[in-house]
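J.: Test case, fold it:
(chains A, B, C and D)
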Number of protein chains: 4
Amino acid sequence: MKYAYLGPAGTFTESALLQVPGAPDAQRIPAANVNVALAMVRDGSVDAAMVPIENSVEGGVSATLDAIAQGQALQIVAEILVPITFVLATRPGIDSLDQIKLISTHGHAWAQCRLWAEANIPGAVFTPASSTAAAAVALIEDDPQHDAAICNPLVAEERGLNVLVRGVEDNIGAVTRFILVTRPGRIPAPSGVDKSTLILPLPEDRPGALMELLEQFTARGVNLSRIESRPTGEGLGQYFFSVDFEGHVADERVAAALSGLHRLSPELRFLGSYPAAQGVEPFVDTHNSDAAFSDARTWVQSLRDRL
Amino acid sequence: MKYAYLGPAGTFTESALLQVPGAPDAQRIPAANVNVALAMVRDGSVDAAMVPIENSVEGGVSATLDAIAQGQALQIVAEILVPITFVLATRPGIDSLDQIKLISTHGHAWAQCRLWAEANIPGAVFTPASSTAAAAVALIEDDPQHDAAICNPLVAEERGLNVLVRGVEDNIGAVTRFILVTRPGRIPAPSGVDKSTLILPLPEDRPGALMELLEQFTARGVNLSRIESRPTGEGLGQYFFSVDFEGHVADERVAAALSGLHRLSPELRFLGSYPAAQGVEPFVDTHNSDAAFSDARTWVQSLRDRL
Amino acid sequence: MKYAYLGPAGTFTESALLQVPGAPDAQRIPAANVNVALAMVRDGSVDAAMVPIENSVEGGVSATLDAIAQGQALQIVAEILVPITFVLATRPGIDSLDQIKLISTHGHAWAQCRLWAEANIPGAVFTPASSTAAAAVALIEDDPQHDAAICNPLVAEERGLNVLVRGVEDNIGAVTRFILVTRPGRIPAPSGVDKSTLILPLPEDRPGALMELLEQFTARGVNLSRIESRPTGEGLGQYFFSVDFEGHVADERVAAALSGLHRLSPELRFLGSYPAAQGVEPFVDTHNSDAAFSDARTWVQSLRDRL
Amino acid sequence: MKYAYLGPAGTFTESALLQVPGAPDAQRIPAANVNVALAMVRDGSVDAAMVPIENSVEGGVSATLDAIAQGQALQIVAEILVPITFVLATRPGIDSLDQIKLISTHGHAWAQCRLWAEANIPGAVFTPASSTAAAAVALIEDDPQHDAAICNPLVAEERGLNVLVRGVEDNIGAVTRFILVTRPGRIPAPSGVDKSTLILPLPEDRPGALMELLEQFTARGVNLSRIESRPTGEGLGQYFFSVDFEGHVADERVAAALSGLHRLSPELRFLGSYPAAQGVEPFVDTHNSDAAFSDARTWVQSLRDRL
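T.: Numbers count the residues shown, from 1 in each chain, chains lettered A, B, ... in the order given. Okay, here's the model as predicted:
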């Protein structure tokens, strides 16, 4: 197996990938951005890619949401949750907060530590970096352009950086969700606690359209665990929805909801059913059980046999 | 073919039966009441029975609604509409309205002519009869107990009764709907303008239950043409619904609605799909077309093939 | 106080009336039918009328449902439940079931005892009477036309009739609901366990219309306890609905539901809020509480004050 | 009047502000980021701030959506649409595309021109800048770090930059929506074609919650023009919704929808009603007209007057 991931090495994405069985010993290729990582899956250069999809503070990762919504079909086969915590690393010679004049990190990381920074290093000027790891590694290059970086504890440890403060994130308990993406193929068997992901273009720009789509879920007792709107790029107010829901395509109620959604929005994309990283087996009403669907189908067929 | 019908001879029900191709030359057996007519179908004494189900003034015919909802399964294979108009017939010797002291007819007919009677024969005392035809025929028996009867024009003509006034009904344009009932068997092929009938027990006595059932129709664009509540006989507020809707079980959207209804109310009864006596081909949205259902099923199957 | 009731004396309706505080000592006028009883209220001849509205076996009493739905406005101020049980009374000289050749009672009572009659007096011929009491009283007149009558135990006792069998009803535990009707006036104060009654014309003959009306209730957590369809008399498939629901017009959620219903069906009729004969205080979600409505109104008003 | 705007000078945000009557002659203060601009409104340093809220390609501007959703209350009083087009400016001496090795611009601008860049300057390395204007202005500083910048035509013109290519954006016709934000105060009077904005926290993480909220709009025929999910920052799957809808709080149907939403989600925020930059007067069903609401209220009040 060969994996791509959103690089560089030492970021939270690599931490996520290392949780996949077999990945620590497999070939792992850092990609410059999500599009590149997914392109490597699409063209067969790698078997799978690990990319972030949702952050509990910043929300959906737009680049990922958009990249898997369009282009050649892809499939999600697993999700991994990684707790997000940051350290403040400094270049050699900087040993106290008041010495920090210039600080760098990725924009997303900066957004997650801004309040800490305003309170603790109010005079420091921020420069965006292409990744937290890039900002961190730059500290030990010759002639670093900044005094401090906010980064993943892993990279600080691996590179032996000077860590001044741990846990500089504003939201304690933040977590990022990553997905493992392959080309479409065999869908993982139901584990009992599963999740599925859909891309749902709004069929028309009319008031009830979103409600009609949601009704397909609620009518079968299928719980949404995430819904995010993304612009289609075709004008203000033109959206598609990226949706996660509880259950597996092998479940009858899920199959029925998908069927209803396909009628309303035939351009929808099914991105996969896979074991949920958290959660309990969903409660299913008697009338939404596999047996209820199967009995109903048998009954209707018995009527149609009389045609 | 052998037919039963709600008798006696000469009522609107026989008029309805005479519209069925072949019935004028077939054996026609009047039944004392709806239960008897349907029992003759159930036990095989006749091939089919014609009974009234809905009157545009008085509403659903409770005896029919209840009789087809319970007991051994039956099937509706045709519906017939008959315009309802009544004549005032008198016994020999009664030639003016002011001579009428005693009047008789069936309670339903009386209900439909009451305003006319109050205005034109205010002093006449009403005695209920077992049928309009019985009241009419009694006028020419020896020693009639009443002076006038309200009845079907057909029976007045056949028996050569003295007709004093025509069109004594309060609601001009009233119509009664009759159904032709058989044992369950082959369902008539779709005609393009079809109707189906269901008995829907309310699954539980809770606020949203009726809405959930109705939602199964609206979610597939299936129009109701009649909905009537009937008590189950198990206590105040315990109802089942008798429902007619546009479409045929051969239609995908109807099959899908039936399937959803079966899950919510597994004791439902399908009473048949049959050509509508009136109406136009229903408008069907693209997403409720047979093709949309078929495409959706194919798509979901293609996903499940990957399991 | 002067009361009318659906007569004659000795029927279940008088039993119901006798439960109204003060009624046993007030003037009680039997009326020939429901329309007459309600006309006496409308023209001021009496203060109130007791009429049946719902039978747990036969369903809604059409005459009452229709009479209060149309014409001059009326108000329901109380409901009374009466258990329905019948006795078989015979004329003098008839002491065993096999002597009974002719039997009479009101059609509704007959419907409720038919199975018993078919099993126990299969050869008896039924003649409809204008009331159970009329059938009963006729047994002790000179030259009775029938051998037995099915009637209310009360009338049998009061008139000293010969009772051959008690409890001849097919459905043990049947109950009839009666309503006390006045001209519109002061609405009874909330008792904590209240009920309200509405007449709801279907605004148009379109698929979602009934659902839109029902949604006004469910959106505020208002439970329906009865819903019945009645023809408007203007054609097949033209209905109004007679609806009982839990709660009082003094409740905010009820006022909000009524307001929404008025927008959809401006010809609706509010027939009153009154103490329920049975039941428990309804559960009300926080967001449907009086406080939630009041807070919401205050908030919206605070916004509109900025206009 | 004193205005803040998302700076630096010469960006699309300043173009938007210049469209506000009076703004070209007023004091205009560029702010380093959206939070700073809104803080200046909140603390009274300025009267209003212009900030971007939605981009037809990239979607909602998260910083703005989050900043107006939390903290001290604010009000939107106007919206401005600005077509988005970019130019490729180069530093002195760079006259052809193949000379460009290093390119800089704001990450959002880069995202909108990436395909053009991949096709036309595939070898160029991108460095993120804090704004398109900063990247542009840096071209004419001493010793520029990059060869080219993607920027607003306005800044290129004002600073006399060397423009190599115009219209380098991937999506022709892209537009950004800006809002003018003040402290809460008088709400602009209805113009006939108005829009309102709400922040709607999902009351609970349960399947039907979003549908219940949406139902408050559809039940009154209020059309949504934008709906976006944003994480609350309290965990994966915890969202609030930022919603724009057609209509003005002065409209009865809008007031009713707001009232219903307040009951379901009492922490909601009303951010204002203001003239829509585009659009036509919304179609309003008879039953959602101001008159229908007013009639309904009068009717319910007439009932409650009888308490």
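J.: for chain B, what are the nearby residues on the stretch 101-250 of chain A?
T.: Contact residues (C-beta under 8 Å from any C-beta of the partner chain) of the stretch 101-250 of chain A with chain B: A:Pro184, A:Gly185, A:Arg186, A:Ile187, A:Ala189, A:Pro203, A:Glu215, A:Ala219, A:Val249, A:Ala250. C-beta here means a position set from N, CA and C on the backbone, and glycine is covered the same way.
J.: Grab the nearest non-local neighbour of the third one.
T.: The spatial neighbour of A:Arg186 that comes closest, neighbours along the chain excluded (C-beta to C-beta, 6 or more residues apart in numbering or on different chains), is B:Arg306 at 5.8 Å.
J.: quick one on the thing from earlier: just the buried members of the residues of the stretch 101-250 of chain A next to chain B?
T.: Buried residues within these, counting neighbours by 16 or more other C-beta atoms under 10 Å in any protein chain shown: A:Ile187, A:Pro203, A:Glu215, A:Ala219, A:Val249, A:Ala250.
J.: Out of those residues, flag the one nearest to B:Ile179.
T.: A:Ala219 (31.5 Å; C-beta to C-beta).
J.: show me the contacts for the closest one.
T.: Shown in contact with A:Ala219 (C-beta atoms under 8 Å, 6 or more residues apart in numbering or on different chains): A:Ala257, A:Gly260, B:Glu215, B:Ala219, B:Gly260.
J.: Which two of those residues have the greatest separation?
T.: Longest span within those, C-beta to C-beta: A:Ala257 and B:Glu215, 14.1 Å.
J.: Same list, the buried ones among the residues of the stretch 101-250 of chain A next to chain B, but as JSON lines with secondary structure please.
T.: Output for these, formatted as JSON lines (DSSP: H, G, I helix; E, B strand; the rest coil):
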{"residue": "A:Ile187", "secondary structure": "coil"}
{"residue": "A:Pro203", "secondary structure": "coil"}
{"residue": "A:Glu215", "secondary structure": "helix"}
{"residue": "A:Ala219", "secondary structure": "coil"}
{"residue": "A:Val249", "secondary structure": "coil"}
{"residue": "A:Ala250", "secondary structure": "coil"}
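J.: Lowest-confidence entry in those residues?
T.: The lowest pLDDT within these belongs to A:Pro203, with 80.
J.: residues in contact with that residue?
T.: A:Ala209, A:Leu213, A:Leu264, A:Ser265, B:His287.
J.: Distance-wise, check it relative to chain D.
T.: Remark: distance between A:Pro203 and chain D (C-beta to the nearest C-beta, to the nearest Å) = 14 Å.
J.: Identify the residue spatially nearest to that residue, adjacent ones excluded.
T.: Counting by C-beta to C-beta, 6+ apart, the residue nearest A:Pro203 is A:Ser265, at 4.7 Å.
J.: Would you mind measuring from A:Arg28 to chain C?
T.: For A:Arg28, the distance to chain C - C-beta to the nearest C-beta - is 50 Å.
J.: In what element of secondary structure is that residue found?
T.: Here A:Arg28, judged by DSSP states H and E, is contained in strand A:27-31.
J.: helix or strand right after that strand?
T.: helix A:34-42.
J.: Would you give the sheet partners of the helix or strand following that next one, along with the direction of each?
T.: Once the chain leaves helix A:34-42, the next helix or strand it forms, by DSSP H and E, is strand A:48-55. According to DSSP bridges, strand A:48-55 forms sheet pairs with strand A:2-6 (parallel), strand A:59-60 (antiparallel), strand A:175-182 (antiparallel).
J.: now could you export just the CA positions of strand A:48-55 as PDB?
T.: Only the C-alpha atoms of strand A:48-55 are listed here, as PDB (Å, rounded to 0.1, in the frame of the first residue of the first chain):
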ATOM      1  CA  ALA A  48      -5.300   6.100  -0.700                       C
ATOM      2  CA  ALA A  49      -5.000   9.600   0.700                       C
ATOM      3  CA  MET A  50      -5.500  11.000   4.200                       C
ATOM      4  CA  VAL A  51      -6.900  14.500   4.200                       C
ATOM      5  CA  PRO A  52      -8.700  16.700   6.900                       C
ATOM      6  CA  ILE A  53     -12.400  17.200   6.400                       C
ATOM      7  CA  GLU A  54     -13.700  18.900   9.500                       C
ATOM      8  CA  ASN A  55     -12.300  20.900  12.400                       C
END
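J.: tell me the mean pLDDT for that strand?
T.: 92.
J.: what do you get for stretch A:88-101?
T.: Mean predicted lDDT for stretch A:88-101 stands at 95.
J.: Pull the contacting residues for the residue in the stretch 151-300 of chain A positioned nearest to chain C.
T.: Nearest residue of the stretch 151-300 of chain A to chain C: A:Gly208, at 10.8 Å (C-beta to the nearest C-beta). With contact taken as C-beta under 8 Å, 6+ apart, A:Gly208 is in contact with D:Thr218.
J.: and the nearest residue to A:Ala26 once chain neighbours are set aside, how far is that from chain D?
T.: Closest residue in space to A:Ala26, ignoring its immediate chain neighbours: A:Met1 at 4.6 Å, by C-beta to C-beta, 6+ apart. Using C-beta to the nearest C-beta, one obtains 27 Å as the distance from A:Met1 to chain D.
J.: Can you tell me the number of residues neighbouring A:Met1?
T.: Neighbourhood size, A:Met1 [other C-beta atoms under 10 Å in any protein chain shown]: 13.
J.: Mind exporting the C-alpha coordinates of the helix or strand where A:Gly260 lies to CSV?
T.: In this structure, A:Gly260 sits in helix A:252-264 according to DSSP H and E. Only the C-alpha atoms of helix A:252-264 are listed here, as CSV (Å, rounded to 0.1, in the frame of the first residue of the first chain):
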residue,chain,number,x,y,z
GLU,A,252,-32.6,-0.7,4.3
ARG,A,253,-33.6,2.7,5.7
VAL,A,254,-30.4,4.2,4.3
ALA,A,255,-31.0,2.6,0.9
ALA,A,256,-34.5,4.0,0.9
ALA,A,257,-33.4,7.5,1.8
LEU,A,258,-30.7,7.4,-0.9
SER,A,259,-33.3,6.3,-3.4
GLY,A,260,-35.6,9.2,-2.4
LEU,A,261,-32.7,11.6,-2.6
HIS,A,262,-31.7,10.4,-6.0
ARG,A,263,-35.2,11.2,-7.3
LEU,A,264,-35.0,14.7,-6.0
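J.: quick one: contacts of it?
T.: A:196, A:198, A:200, A:203, A:209, A:212-213, A:216-217, A:219-222, A:245, A:247-249, A:268, A:270, A:273, A:284, A:288-290, A:292-294, B:219, B:287-288, B:292-293, B:295-297, B:299-300, B:303-304.
J.: Could you pick out the buried ones from these?
T.: A:196, A:198, A:200, A:203, A:209, A:212-213, A:216-217, A:219-222, A:245, A:247-249, A:268, A:270, A:273, A:284, A:288-289, A:292-293, B:219, B:287-288, B:292-293, B:296-297, B:299-300, B:303.
J.: how close does the most centrally placed residue in chain A sit to A:Trp299?
T.: What sits nearest the mean C-alpha location of chain A, by C-alpha atoms, centre = their mean, is A:Ile53, with 1.6 Å. Distance, A:Ile53 to A:Trp299, by C-beta to C-beta, to the nearest Å: 41 Å.
J.: Give the pairing partners of the strand holding A:Arg28; include direction for each.
T.: strand A:2-6 (parallel).
J.: tell me which residues in the partner strand are buried?
T.: A:Tyr3, A:Ala4, A:Tyr5, A:Leu6.
J.: so for that strand, what's the average pLDDT?
T.: For strand A:2-6, mean pLDDT rounds to 96.
J.: which residues are in contact with it?
T.: Contacts of strand A:2-6 (C-beta under 8 Å, 6+ apart): A:13-14, A:16-17, A:20, A:23, A:26-31, A:33-34, A:36-37, A:40-41, A:45-52.
J.: Now, of the residues you listed, which are buried?
T.: Buried, going by 16+ other C-beta under 10 Å: A:13-14, A:16-17, A:20, A:23, A:28-31, A:33-34, A:36-37, A:40-41, A:46-52, out of the contacts of strand A:2-6.
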